[in-house]
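Participant: predicted model follows, preceded by the sequence.
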Amino acid sequence: MKSSNLEFYRNSIDYILSVQNMDGSIPWEFEKKLDPWDHIEAAMGLSIGRKKEESEKAFIWLRDNQLSDGSWYAEYLNSIPATKRRETNFSAYIATGLWHYYLIFEDKDFIETMLPTLAKALDFVLSMQTEGGDIYWATEEGKEILDDSLITGSSSIYKSLECAAATFDIFDKPIESILVSMNKLKMSINNNPQRYDRSWESKSRYSMDWYYPILCGIYDKEKSIEEINSKWAEFIVKGMGCKCVKEEPWVTVAESSELVTALVKIGLYNEAETLFNSLHQWRDEKDGLYWTGYVYPDKKFWPVEKPTWTAGAILLAADALYKFTPGSELFSKTWI
């Protein structure tokens, strides 16, 4: 079966379903931890597989576990909080997931039931935006706001704000304040890099810092292509995929899949498909699932896991390339 056929990925869809708990939560693997961002990534995989009810259950879990300030804890085990930290990127991503759901199913009634949850999440995220436009990455109970910002996380938040604005707009809700915050955030990432990685070593060695501003619409097409060309050799291992960390001999399926989606966004389809096709060698022929990554000098999969969020990332990349669903242009288009 060809990888351009959705049925090629049926085992990934079924795997996410099998890991999903009765309450709608989707941990990384059976009885492992859950974080809200990866839970949503997996839920989007269910939407691509046209598993409407199960996708809704994932969002209902978020609604039922939302904290009073609009956030979620950064980690859960069996739906019980495993940390007191709350991250802005994790809390914003529900907007991307819900817009993706709407693009595929066009169910305004369900989206309407989620609007209060979405509004509260945005209140939390935007309460963490500074005068300079950047957004603090996290806060933790009993501590001061964690005073730093992340390029990858902030780029993801930007896309989530766009999706939130698009969602509210279909219900004729005011979106001006969201658009103002989006513009401030975009200008901050483009013009004030000193606002990021202020209190720790730069994360530019991570490939996500390279491609996330491209994927999420921070850079225009010209700058995006310049960035791709300038760092391609640093992160890409020909015939294998994209490295997670520049100096580590480790290609990872989720990062490679996200990069594929970013390449589709800026029109580099041949490069996207070539990269994507290189990932199928990291698919376990026994169950049709993708390993997290591969350490090529050792010829070993590491870590020895097949997370639901990797399945979600593969499905999103495949949909971006092969247009399985009306949500295939989630990242390729600007929605507001």
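Facilitator: Perfect, thanks for sending it. Numbers count the residues shown, from 1 in each chain.

Participant: work out for me the element Asp319 sits within.
Facilitator: Using DSSP states H and E, Asp319 sits in helix 308-322.

Participant: and that helix, how far out from the chain's middle?
Facilitator: Relative to the chain's own centre, helix 308-322 is displaced by 11 Å; criterion: C-alpha atoms, centre = their mean, to the nearest Å.

Participant: so for that helix, mean pLDDT?
Facilitator: Averaged across helix 308-322, pLDDT comes to 98.

Participant: check stretch 124-131 too.
Facilitator: On average, stretch 124-131 scores 97.

Participant: buried set for that stretch?
Facilitator: Using 16 or more other C-beta atoms under 10 Å as the test for burial, stretch 124-131 gives Phe124, Val125, Leu126, Met128, Gln129. Backbone N, C-alpha and C define where each C-beta goes, glycine included.

Participant: ok, stretch 264-276 next?
Facilitator: Those would be Val264, Lys265, Ile266, Leu268, Glu271, Ala272, Glu273, Leu275, Phe276, for stretch 264-276 by 16+ other C-beta under 10 Å.

Participant: Lys120: which of the residues you listed is nearest?
Facilitator: Closest approach between these and Lys120, by C-beta to C-beta: Lys265, at 29.5 Å.

Participant: show me where the stretch 1-150 of the chain has its helices.
Facilitator: 10-19, 36-48, 52-65, 88-92, 94-105, 108-127 (DSSP state H, counting those that start in this stretch).

Participant: for the ones you listed, give me CSV that also has distance to Lys306.
Facilitator: CSV is the format used below for those (distance: least, C-beta to C-beta, whole Å):
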stretch, distance to Lys306
helix 10-19, 7
helix 36-48, 12
helix 52-65, 19
helix 88-92, 22
helix 94-105, 21
helix 108-127, 29
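
Participant: quick one: closest of the ones you listed to Lys323.
Facilitator: helix 36-48 (11.1 Å).

Participant: so what does that closest one touch, helix or strand wise?
Facilitator: helix 10-19, helix 52-65, helix 88-92, helix 94-105, helix 308-322 (3 or more C-beta pairs under 8 Å, 6 or more residues apart in numbering; DSSP states H and E).

Participant: one more time with 6 Å, if that's ok
Facilitator: Secondary-structure packing of helix 36-48 (3 or more C-beta pairs under 6 Å, 6 or more residues apart in numbering; DSSP states H and E): helix 10-19, helix 52-65, helix 94-105, helix 308-322.

Participant: what's the mean pLDDT across it?
Facilitator: 98.

Participant: before we move on, back to that, go through the buried residues of stretch 124-131 and name the one nearest Trp200.
Facilitator: Met128 (17.7 Å).

Participant: please name the nearest non-neighbouring residue to the closest one.
Facilitator: Tyr136 (4.3 Å; C-beta to C-beta, 6 or more residues apart in numbering).
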